[in-house]
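Q: Provided below for reference: sequence and predicted model.
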Amino acid sequence: MIDVKVYQSEEARDLPLPRYMSDGSSGLDLCAAVNGTTTVPSGGFMLVPTGIYLQIPTGFEGQVRPRSGLAAKHGVTVLNTPGTIDSDYRGEIRVILINLGDSPFEIKRGDRIAQLVICRYEMVNLVKTDVLDVSKRGRGGFGHTGI
């Protein structure tokens, strides 16, 4: 387990910090720090504040992902999923929600709107070449193995 420093803005201190909702959860739920209630129209999107700022250790990133219940019940998802939070970013975590459902979607202060997963990553060194090793898959992509 790693430590991630979290700062909560004064305007959001009445809201819970991101938290795991079960022992087996990989994502911490992020809450909306909207004032009162706001609505994402059908077909529209909105940048939703959380009031949360993180200090993610080098070698790790944050991934903002949709909540499956919002997607299944309302057609609401994270537009740039997964949204990436780099370890050197110190700004507020905000979530781009899009409403693909048929009805306007209401967001109330404190609603759980997305998940945050902290993942390890490796930096790479790109090595320019004129030839790549052959693989069984080759250039097959975009459904090349069927449905």
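A: Arrived safely, thanks for sending.
Q: Can you get me the start-to-end distance on stretch 75-94?
A: From its first residue to its last, stretch 75-94 covers 19 Å (C-alpha to C-alpha, to the nearest Å).
Q: Show me the contact partners of it.
A: For stretch 75-94, the surrounding residues in contact (C-beta atoms under 8 Å, 6 or more residues apart in numbering) are 9, 30, 40, 45, 47-66, 70-71, 95-102, 105, 114, 116-117. Yep, even glycine has a C-beta here, placed from its N, CA and C like the rest.
Q: where along the chain do the strands fall?
A: Per DSSP state E, the chain carries strands over the ranges 5-8, 28-31, 37-40, 45-55, 60-65, 76-78, 83-85, 92-99, 105-108, 112-120.
Q: List of residues touching the first one?
A: When you say that, I think you mean strand 5-8. Here strand 5-8 makes contact (C-beta under 8 Å, 6+ apart) with Leu15, Leu17, Pro18, Gly51, Ile52, Tyr53, Leu54, Gln55.
Q: sorry, back to before: export the strands of the chain to TSV and tack on distance to Val134?
A: Shown next, in TSV, are the strands of the chain (distance: least, C-beta to C-beta, whole Å):
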stretch	distance to Val134
strand 5-8	46
strand 28-31	42
strand 37-40	48
strand 45-55	42
strand 60-65	32
strand 76-78	37
strand 83-85	32
strand 92-99	40
strand 105-108	48
strand 112-120	30
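Q: now those as a markdown table including mean neighbour count?
A: Converted to a markdown table, these look like this (neighbours: other C-beta atoms under 10 Å):
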| stretch | mean neighbour count |
| --- | --- |
| strand 5-8 | 13 |
| strand 28-31 | 22 |
| strand 37-40 | 14 |
| strand 45-55 | 18 |
| strand 60-65 | 19 |
| strand 76-78 | 22 |
| strand 83-85 | 16 |
| strand 92-99 | 20 |
| strand 105-108 | 16 |
| strand 112-120 | 19 |
